[in-house]
Structure formats: C-alpha cells, structure tokens
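Asker: return a 3D structure for these sequence lines:
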Amino acid sequence: MGEFLHIDEANFDLDVLKAEKPVLLEFGATWCVPCKQLEPELIKLGGEWADKVRLAKLDVDESPSLTMKFGVMGVPTVILFVNGEAKQRLTGFQSRQRIVEKMGSFLK
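Answerer: Coordinates of the predicted model:
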C-alpha cells in the first residue's frame with residue numbers, strides 16, 4: 001500500500017466520506033517541501049496500517065473549496081476521516097511517532 005489515492009472535489013464524497021475504512025487524507029501541494037518530507041512516513045504507516053486505513057492526498061491548489069471547508073490553513077495538514085467524520089488532524093511536518101500517537105487509537 002505505497003500509493004496515495006488522489007482526491008479532488010469530484011471523488012471526495014465517494015472515496016473519503018463514504019469509504020468503508022478510515023481515510024488518512026493529506027492536504028498538501030506540489031511546492032510544499034514539508035509535504036514531500038512527510039509523505040514517505042505516511043507511506044510507511046500506510047503499509048503498517050494497510051488493513052485499517054486508506055492513504056489519500058489532496059492538492060490544496062486544485063481543490064480550494066475542500067481546503068476551505070475543512071479549515072486547512074497550512075500544509076501539510078493530515079486529517080483522519082472515520083465513517084465520514086473528521087476525527088483527528090495534524091498540521092505541519094510530524095514524526096511518525098506523533099502520527100501514531102494521534103491517529104492510532106482511531107484505527108482499531
């Protein structure tokens with residue numbers, strides 16, 4: 001599970017809000033250096049949590065209305081959606097340990 005599902009306004013409802021398992025969605029941008037640093041850590045976690053979560057990413061420049069809807073003020077912002085609800089969020093580069101501490105309890 002080393003791949004991110006690309007999310008935009010066309011597939012957000014189906015692939016995030018109506019997803020069968022939790023979705024770890026990174027709000028990022030192609031120009032964002034911390035996003036590029038965070039993504040390998042998310043991919044590792046996606047592998048560890050393969051049966052529990054789906055990795056996805058959204059480009060804030062391509063989907064400004066979703067970015068505003070979820071109050072994303074900085075990138076990267078990672079939001080964990082469970083059963084269509086935003087349950088947890090982290091903004092800025094985070095260590096893998098910090099991501100596990102904040103998100104892991106929602107992934108049973």
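Asker: what are the boundaries of the strands in the chain?
Answerer: Per DSSP state E, the chain carries strands over the ranges 5-7, 23-28, 54-59, 77-82, 85-91.
Asker: in TSV: these, plus mean pLDDT.
Answerer: Shown next, in TSV, are these (pLDDT from 0 to 100):
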stretch	mean pLDDT
strand 5-7	97
strand 23-28	98
strand 54-59	97
strand 77-82	98
strand 85-91	97
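Asker: with adjacent residues omitted, what lies nearest to residue 44?
Answerer: Nearest residue to residue 44, sequence neighbours excluded (C-beta to C-beta, 6 or more residues apart in numbering): residue 96, at 6.6 Å. Every C-beta, even on glycine, is put in place using the N, C-alpha and C of the backbone.
Asker: how close does that neighbour sit to residue 38?
Answerer: Per C-beta to C-beta, to the nearest Å, residue 96 is found 9 Å from residue 38.
Asker: what about these two, which has more around it?
Answerer: Legend: neighbour count by other C-beta atoms under 10 Å for residue 96 and residue 38, higher for residue 38 (23 against 14).
Asker: how distant is stretch 82-94 from the center of its chain?
Answerer: From the chain centre to the centre of stretch 82-94 is a distance of 7 Å (C-alpha atoms, centre = their mean, to the nearest Å).
Asker: returning to that earlier point: most packed of the strands of the chain?
Answerer: Ranked by mean neighbour count under mean count of other C-beta atoms under 10 Å, these are led by strand 23-28, which reaches a mean of 24.
Asker: what residues does that one touch?
Answerer: Contact with strand 23-28 is made by 4-5, 7, 15-16, 35, 38-39, 42, 45-46, 49, 53-60, 67, 70, 72, 75-81, 103, as judged by C-beta atoms under 8 Å, 6 or more residues apart in numbering.
Asker: swap in stretch 61-78?
Answerer: Residues from elsewhere that reach stretch 61-78, judged by C-beta under 8 Å, 6+ apart: 7-9, 12, 24-30, 32, 34-35, 38, 42, 58, 60, 79, 86, 89-94, 99, 103.
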